[in-house]
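>>> Requesting a structural model of the entry that follows:
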Amino acid sequence: MKIKDLEELSLKKDFWNDQDYARSVLQKKTNLSEKVERWDRFSKDISDIENLAEMAVREKDEHVLQDIDEELEQLNAAVAHEELKMMLNGEQDAMNAIVSIHAGAGGTEAQDWTEMLLRMYLRWAEKKKFAARIIDYLPGDEAGVKSVSFTLEGEYAYGYAKAEIGIHRLVRISPFDAGARRHTSFASVFVYPEVDDDIKIEINDDDLRIDTFRAGGKGGQHVNKTDSAVRITHVPTGIVVQCQNERSQHQNKAMAMKFLKSRLYERELQLKNQKIDEENKQKKDIAWGSQIRSYVLHPYKLIKDHRTNVECGNAGKVLDGDIDEFIQAYLMMTTTTS
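A predicted model of the protein is given here:
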(Lines give C-alpha, C1' and ligand atoms only; values in the text may rest on other atoms or scores of the structure.)
Protein backbone atom coordinates (compact mmCIF):
# COMPACT_ATOMS: atom_id res chain seq x y z
CA MET A 1 0.00 0.00 0.00
CA LYS A 2 1.00 3.62 -0.55
CA ILE A 3 1.19 6.19 2.26
CA LYS A 4 -1.95 7.87 0.91
CA ASP A 5 -3.90 4.58 1.08
CA LEU A 6 -2.80 3.99 4.68
CA GLU A 7 -3.78 7.53 5.64
CA GLU A 8 -7.26 7.00 4.19
CA LEU A 9 -7.59 3.77 6.18
CA SER A 10 -6.61 5.52 9.41
CA LEU A 11 -9.30 8.17 8.92
CA LYS A 12 -12.19 5.69 8.80
CA LYS A 13 -14.66 5.89 11.70
CA ASP A 14 -14.27 2.24 12.67
CA PHE A 15 -10.46 2.28 12.35
CA TRP A 16 -9.81 1.79 16.07
CA ASN A 17 -12.42 -0.94 16.54
CA ASP A 18 -9.62 -3.46 16.05
CA GLN A 19 -6.69 -1.90 17.92
CA ASP A 20 -4.10 -4.49 16.85
CA TYR A 21 -4.98 -3.95 13.19
CA ALA A 22 -4.95 -0.16 13.67
CA ARG A 23 -1.50 -0.27 15.23
CA SER A 24 -0.16 -2.43 12.38
CA VAL A 25 -1.52 0.04 9.79
CA LEU A 26 0.02 3.01 11.59
CA GLN A 27 3.33 1.14 11.88
CA LYS A 28 3.36 0.51 8.13
CA LYS A 29 2.55 4.17 7.46
CA THR A 30 5.37 5.28 9.77
CA ASN A 31 7.86 2.90 8.12
CA LEU A 32 6.98 4.12 4.62
CA SER A 33 7.10 7.78 5.66
CA GLU A 34 10.50 7.33 7.29
CA LYS A 35 11.80 5.57 4.17
CA VAL A 36 10.71 8.48 1.92
CA GLU A 37 12.22 10.99 4.34
CA ARG A 38 15.55 9.15 4.35
CA TRP A 39 15.84 9.20 0.54
CA ASP A 40 14.81 12.87 0.43
CA ARG A 41 17.53 13.57 2.98
CA PHE A 42 20.09 11.65 0.91
CA SER A 43 19.17 13.72 -2.14
CA LYS A 44 19.56 16.97 -0.19
CA ASP A 45 22.89 15.82 1.29
CA ILE A 46 24.24 15.02 -2.18
CA SER A 47 23.18 18.42 -3.47
CA ASP A 48 24.80 20.19 -0.50
CA ILE A 49 28.05 18.26 -0.95
CA GLU A 50 28.15 19.10 -4.67
CA ASN A 51 27.75 22.81 -3.95
CA LEU A 52 30.35 22.71 -1.20
CA ALA A 53 32.79 20.80 -3.43
CA GLU A 54 32.45 23.39 -6.22
CA MET A 55 33.26 26.18 -3.77
CA ALA A 56 36.21 24.27 -2.28
CA VAL A 57 37.68 23.59 -5.73
CA ARG A 58 37.36 27.25 -6.73
CA GLU A 59 39.01 28.40 -3.51
CA LYS A 60 41.51 25.49 -3.46
CA ASP A 61 40.58 24.71 0.14
CA GLU A 62 42.21 21.35 0.91
CA HIS A 63 40.77 21.14 4.44
CA VAL A 64 37.20 21.43 3.16
CA LEU A 65 37.90 18.83 0.46
CA GLN A 66 39.12 16.41 3.15
CA ASP A 67 35.93 17.02 5.13
CA ILE A 68 33.91 16.35 1.98
CA ASP A 69 35.70 13.01 1.50
CA GLU A 70 34.70 11.98 5.04
CA GLU A 71 31.10 13.09 4.49
CA LEU A 72 30.93 11.17 1.22
CA GLU A 73 32.23 8.03 2.93
CA GLN A 74 29.53 8.30 5.60
CA LEU A 75 26.85 9.03 2.99
CA ASN A 76 27.93 6.04 0.87
CA ALA A 77 27.66 3.78 3.91
CA ALA A 78 24.18 5.12 4.73
CA VAL A 79 22.98 4.68 1.14
CA ALA A 80 24.42 1.15 0.98
CA HIS A 81 22.57 0.28 4.19
CA GLU A 82 19.33 1.66 2.76
CA GLU A 83 19.85 -0.24 -0.50
CA LEU A 84 20.29 -3.42 1.51
CA LYS A 85 16.92 -2.84 3.13
CA MET A 86 15.39 -2.38 -0.31
CA MET A 87 16.64 -5.86 -1.20
CA LEU A 88 14.46 -7.20 1.59
CA ASN A 89 11.46 -7.37 -0.70
CA GLY A 90 10.25 -10.85 0.16
CA GLU A 91 6.64 -11.39 1.13
CA GLN A 92 7.63 -11.83 4.78
CA ASP A 93 10.68 -9.57 5.11
CA ALA A 94 8.89 -6.47 6.42
CA MET A 95 7.17 -8.44 9.18
CA ASN A 96 8.11 -8.67 12.82
CA ALA A 97 9.84 -11.90 13.83
CA ILE A 98 9.63 -14.69 16.37
CA VAL A 99 13.01 -16.21 17.24
CA SER A 100 13.50 -19.55 19.00
CA ILE A 101 16.85 -20.87 20.26
CA HIS A 102 17.27 -24.51 21.34
CA ALA A 103 20.24 -26.10 23.07
CA GLY A 104 21.83 -29.08 21.34
CA ALA A 105 23.22 -32.19 22.96
CA GLY A 106 25.74 -31.60 25.72
CA GLY A 107 23.68 -30.63 28.75
CA THR A 108 24.94 -27.64 30.69
CA GLU A 109 27.55 -26.72 28.08
CA ALA A 110 24.98 -26.35 25.30
CA GLN A 111 22.48 -24.67 27.61
CA ASP A 112 25.03 -22.06 28.64
CA TRP A 113 25.82 -21.48 24.95
CA THR A 114 22.11 -20.97 24.28
CA GLU A 115 22.00 -18.27 26.94
CA MET A 116 25.06 -16.61 25.39
CA LEU A 117 23.28 -16.54 22.02
CA LEU A 118 20.17 -15.08 23.65
CA ARG A 119 22.26 -12.28 25.14
CA MET A 120 23.92 -11.69 21.75
CA TYR A 121 20.60 -11.36 19.95
CA LEU A 122 19.06 -9.12 22.61
CA ARG A 123 22.09 -6.82 22.38
CA TRP A 124 21.82 -6.87 18.57
CA ALA A 125 18.11 -6.03 18.78
CA GLU A 126 18.92 -3.09 21.03
CA LYS A 127 21.48 -1.79 18.51
CA LYS A 128 18.92 -2.16 15.68
CA LYS A 129 16.27 -0.45 17.82
CA PHE A 130 14.07 -3.55 17.64
CA ALA A 131 11.74 -4.16 20.57
CA ALA A 132 12.49 -7.63 21.96
CA ARG A 133 10.18 -9.52 24.31
CA ILE A 134 10.72 -13.00 25.72
CA ILE A 135 7.58 -15.12 25.40
CA ASP A 136 8.87 -18.52 26.52
CA TYR A 137 11.89 -19.42 28.66
CA LEU A 138 12.92 -22.91 29.80
CA PRO A 139 15.93 -22.67 32.13
CA GLY A 140 18.77 -25.18 32.10
CA ASP A 141 19.18 -27.84 34.75
CA GLU A 142 22.24 -26.20 36.33
CA ALA A 143 22.92 -23.10 34.23
CA GLY A 144 21.91 -21.50 30.97
CA VAL A 145 18.76 -22.09 28.93
CA LYS A 146 17.30 -25.23 27.35
CA SER A 147 15.12 -23.21 24.98
CA VAL A 148 13.86 -19.66 24.65
CA SER A 149 11.54 -17.80 22.28
CA PHE A 150 11.21 -14.06 21.86
CA THR A 151 9.57 -11.58 19.53
CA LEU A 152 11.35 -8.86 17.55
CA GLU A 153 9.34 -5.81 16.57
CA GLY A 154 10.75 -3.27 14.15
CA GLU A 155 11.32 -2.40 10.51
CA TYR A 156 12.32 -5.53 8.55
CA ALA A 157 12.89 -7.51 11.74
CA TYR A 158 12.21 -10.83 9.99
CA GLY A 159 14.14 -9.82 6.88
CA TYR A 160 17.29 -9.36 8.93
CA ALA A 161 16.78 -12.07 11.55
CA LYS A 162 16.18 -14.83 8.97
CA ALA A 163 19.91 -14.68 8.21
CA GLU A 164 20.52 -16.32 11.60
CA ILE A 165 18.52 -19.49 10.89
CA GLY A 166 20.64 -22.58 11.40
CA ILE A 167 23.13 -24.23 13.75
CA HIS A 168 25.62 -22.15 15.74
CA ARG A 169 28.77 -23.87 17.07
CA LEU A 170 30.90 -22.78 20.03
CA VAL A 171 34.45 -23.98 20.83
CA ARG A 172 35.93 -22.92 24.17
CA ILE A 173 37.55 -23.99 27.42
CA SER A 174 34.58 -25.06 29.50
CA PRO A 175 33.90 -23.05 32.68
CA PHE A 176 32.04 -26.13 33.97
CA ASP A 177 34.91 -28.59 33.48
CA ALA A 178 37.25 -28.91 36.46
CA GLY A 179 39.90 -30.23 34.08
CA ALA A 180 39.70 -27.05 31.97
CA ARG A 181 39.28 -29.05 28.77
CA ARG A 182 38.10 -27.71 25.43
CA HIS A 183 34.45 -28.37 24.59
CA THR A 184 32.30 -27.94 21.47
CA SER A 185 28.66 -26.95 21.91
CA PHE A 186 25.77 -26.49 19.49
CA ALA A 187 22.50 -24.54 19.49
CA SER A 188 19.87 -24.12 16.77
CA VAL A 189 18.20 -20.85 15.82
CA PHE A 190 14.75 -20.81 14.21
CA VAL A 191 13.13 -17.61 12.93
CA TYR A 192 9.49 -17.19 11.91
CA PRO A 193 7.62 -14.17 10.51
CA GLU A 194 5.06 -12.86 12.98
CA VAL A 195 1.75 -12.88 11.16
CA ASP A 196 0.07 -9.50 10.77
CA ASP A 197 -3.54 -9.19 11.87
CA ASP A 198 -4.63 -8.52 8.29
CA ILE A 199 -3.34 -11.97 7.22
CA LYS A 200 -6.03 -14.54 7.86
CA ILE A 201 -4.98 -18.01 8.97
CA GLU A 202 -7.86 -20.43 9.43
CA ILE A 203 -7.51 -22.57 12.55
CA ASN A 204 -10.17 -25.09 13.56
CA ASP A 205 -10.61 -25.21 17.35
CA ASP A 206 -11.17 -28.96 17.11
CA ASP A 207 -7.62 -29.32 15.75
CA LEU A 208 -6.10 -27.82 18.90
CA ARG A 209 -5.01 -29.44 22.15
CA ILE A 210 -4.48 -26.78 24.79
CA ASP A 211 -2.62 -27.57 28.02
CA THR A 212 -1.89 -25.30 30.96
CA PHE A 213 0.96 -25.68 33.41
CA ARG A 214 2.84 -23.87 36.15
CA ALA A 215 5.15 -21.26 34.63
CA GLY A 216 8.82 -21.26 35.55
CA GLY A 217 12.00 -19.41 34.77
CA LYS A 218 12.16 -15.68 34.15
CA GLY A 219 9.15 -13.43 34.51
CA GLY A 220 9.09 -12.49 38.18
CA GLN A 221 7.46 -14.08 41.18
CA HIS A 222 3.94 -13.77 39.75
CA VAL A 223 4.41 -16.39 37.05
CA ASN A 224 4.99 -19.27 39.47
CA LYS A 225 1.78 -18.90 41.51
CA THR A 226 -0.81 -20.23 39.05
CA ASP A 227 -1.10 -22.54 36.04
CA SER A 228 -0.76 -19.54 33.75
CA ALA A 229 1.55 -21.05 31.11
CA VAL A 230 -0.10 -22.35 27.94
CA ARG A 231 1.00 -25.04 25.49
CA ILE A 232 -0.92 -25.44 22.22
CA THR A 233 -0.58 -28.48 19.95
CA HIS A 234 -1.90 -28.28 16.41
CA VAL A 235 -2.84 -31.93 15.98
CA PRO A 236 -2.95 -32.16 12.14
CA THR A 237 0.60 -30.79 11.72
CA GLY A 238 2.13 -31.75 15.06
CA ILE A 239 3.31 -28.16 15.61
CA VAL A 240 3.69 -27.33 19.31
CA VAL A 241 4.05 -23.80 20.71
CA GLN A 242 3.99 -22.46 24.23
CA CYS A 243 4.12 -19.18 26.11
CA GLN A 244 4.70 -18.64 29.82
CA ASN A 245 6.10 -15.14 30.27
CA GLU A 246 2.89 -13.11 30.22
CA ARG A 247 1.13 -12.32 33.50
CA SER A 248 -2.09 -14.23 32.88
CA GLN A 249 -3.25 -17.45 31.24
CA HIS A 250 -5.37 -15.41 28.83
CA GLN A 251 -2.36 -13.35 27.69
CA ASN A 252 -0.18 -16.45 27.34
CA LYS A 253 -2.85 -18.17 25.25
CA ALA A 254 -3.17 -15.13 22.96
CA MET A 255 0.61 -14.98 22.45
CA ALA A 256 0.83 -18.74 21.88
CA MET A 257 -1.93 -18.50 19.26
CA LYS A 258 0.01 -15.74 17.49
CA PHE A 259 3.12 -17.95 17.53
CA LEU A 260 1.08 -20.86 16.13
CA LYS A 261 -0.34 -18.69 13.35
CA SER A 262 3.19 -17.65 12.41
CA ARG A 263 4.30 -21.28 12.24
CA LEU A 264 1.27 -22.26 10.16
CA TYR A 265 1.71 -19.24 7.89
CA GLU A 266 5.29 -20.24 7.13
CA ARG A 267 4.17 -23.81 6.46
CA GLU A 268 1.36 -22.62 4.19
CA LEU A 269 3.79 -20.55 2.12
CA GLN A 270 6.09 -23.55 1.72
CA LEU A 271 3.25 -25.76 0.53
CA LYS A 272 1.92 -23.10 -1.81
CA ASN A 273 5.30 -22.69 -3.46
CA GLN A 274 5.81 -26.47 -3.64
CA LYS A 275 9.28 -26.23 -2.14
CA ILE A 276 11.02 -26.40 1.22
CA ASP A 277 12.03 -23.01 2.56
CA GLU A 278 15.68 -22.55 1.59
CA GLU A 279 16.59 -20.89 4.88
CA ASN A 280 15.06 -23.65 6.97
CA LYS A 281 16.90 -26.36 5.05
CA GLN A 282 19.76 -25.49 7.34
CA LYS A 283 17.84 -26.60 10.44
CA LYS A 284 19.41 -30.05 10.42
CA ASP A 285 20.47 -32.18 13.37
CA ILE A 286 22.09 -30.05 16.03
CA ALA A 287 25.46 -31.69 15.52
CA TRP A 288 28.84 -31.50 13.87
CA GLY A 289 28.99 -30.55 10.20
CA SER A 290 25.68 -28.71 9.84
CA GLN A 291 26.61 -25.38 11.43
CA ILE A 292 26.22 -22.04 9.65
CA ARG A 293 28.66 -20.22 11.93
CA SER A 294 31.46 -21.15 14.32
CA TYR A 295 32.47 -19.16 17.38
CA VAL A 296 35.98 -20.26 18.37
CA LEU A 297 37.23 -18.87 21.69
CA HIS A 298 40.12 -21.32 22.15
CA PRO A 299 42.95 -21.87 21.21
CA TYR A 300 42.45 -18.67 19.18
CA LYS A 301 39.51 -16.28 18.79
CA LEU A 302 37.67 -16.28 15.50
CA ILE A 303 34.03 -16.06 14.42
CA LYS A 304 33.47 -17.49 10.94
CA ASP A 305 30.30 -17.73 8.88
CA HIS A 306 30.56 -20.90 6.78
CA ARG A 307 28.05 -19.70 4.18
CA THR A 308 29.80 -16.46 3.23
CA ASN A 309 33.31 -17.07 4.67
CA VAL A 310 33.10 -13.73 6.49
CA GLU A 311 35.40 -13.78 9.53
CA CYS A 312 35.94 -11.60 12.59
CA GLY A 313 38.73 -11.95 15.15
CA ASN A 314 36.99 -9.78 17.74
CA ALA A 315 34.84 -12.46 19.39
CA GLY A 316 33.82 -10.21 22.26
CA LYS A 317 32.38 -7.62 19.88
CA VAL A 318 30.35 -10.25 18.04
CA LEU A 319 29.01 -11.86 21.22
CA ASP A 320 28.03 -8.37 22.35
CA GLY A 321 25.61 -8.13 19.43
CA ASP A 322 27.75 -6.73 16.62
CA ILE A 323 26.60 -9.25 13.98
CA ASP A 324 25.45 -6.97 11.14
CA GLU A 325 28.56 -7.78 9.10
CA PHE A 326 27.54 -11.45 8.95
CA ILE A 327 23.88 -10.69 8.30
CA GLN A 328 24.56 -8.21 5.51
CA ALA A 329 27.02 -10.55 3.76
CA TYR A 330 24.47 -13.37 3.84
CA LEU A 331 21.63 -11.17 2.56
CA MET A 332 23.82 -9.82 -0.25
CA MET A 333 24.82 -13.37 -1.20
CA THR A 334 21.25 -14.70 -1.26
CA THR A 335 19.97 -11.65 -3.15
CA THR A 336 22.57 -11.90 -5.90
CA THR A 337 22.13 -15.66 -6.30
CA SER A 338 18.33 -15.73 -6.23
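>>> who does the helix or strand Glu73 falls within touch, helix- and strand-wise?
Using DSSP states H and E, Glu73 falls within helix 62-87. Applying 3 or more Cβ pairs under 8 Å, 6 or more residues apart in numbering; DSSP states H and E, one finds that helix 62-87 contacts helix 19-59, helix 324-337. Just so you know, the C-beta spots here come from the backbone N, C-alpha and C atoms, and that holds for glycine as well.
>>> Just name whatever secondary elements the longest one is in contact with.
Okay, so that is helix 19-59. Using 3+ Cβ pairs under 8 Å, 6+ apart as the contact test, the elements touching helix 19-59 are helix 3-10, helix 62-87.
>>> now swap in the shortest one and tell me
Contact here means 3+ Cβ pairs under 8 Å, 6+ apart; on that basis helix 324-337 packs against helix 62-87, helix 157-161, strand 302-305.
>>> that older thread, now find how far off-centre the helix holding Glu73 is within its chain.
Computed by Cα atoms, centre = their mean, to the nearest Å, the separation of helix 62-87 from the middle of its chain amounts to 26 Å.
>>> got the angle for it vs helix 19-59?
Angle, helix 62-87 to helix 19-59, by axes from the mean of the first three to the mean of the last three Cα atoms, to 10 degrees: 150 degrees.
>>> Direction included, what does whatever helix or strand comes next after helix 62-87 pair up with?
Next helix or strand after helix 62-87 toward the C-terminus (DSSP H and E): strand 97-103. Using DSSP bridges, the strands paired with strand 97-103 are strand 145-153 (antiparallel), strand 182-193 (antiparallel).
>>> Can you tell me which of the helices and strands packed on helix 62-87 is nearest to Ile199?
Set against Ile199 and scored by Cβ to Cβ, the helices and strands packed on helix 62-87 come closest in helix 19-59, at 9.9 Å.
>>> Which one of the strands paired with strand 97-103 lies nearest to Lys60?
strand 145-153 (50.9 Å).
>>> Could I get the buried residue list for that closest one?
Val145, Lys146, Ser147, Val148, Ser149, Phe150, Thr151, Leu152 (16 or more other Cβ atoms under 10 Å).
>>> If anything else comes up later, I'll come back, but that's it for now.
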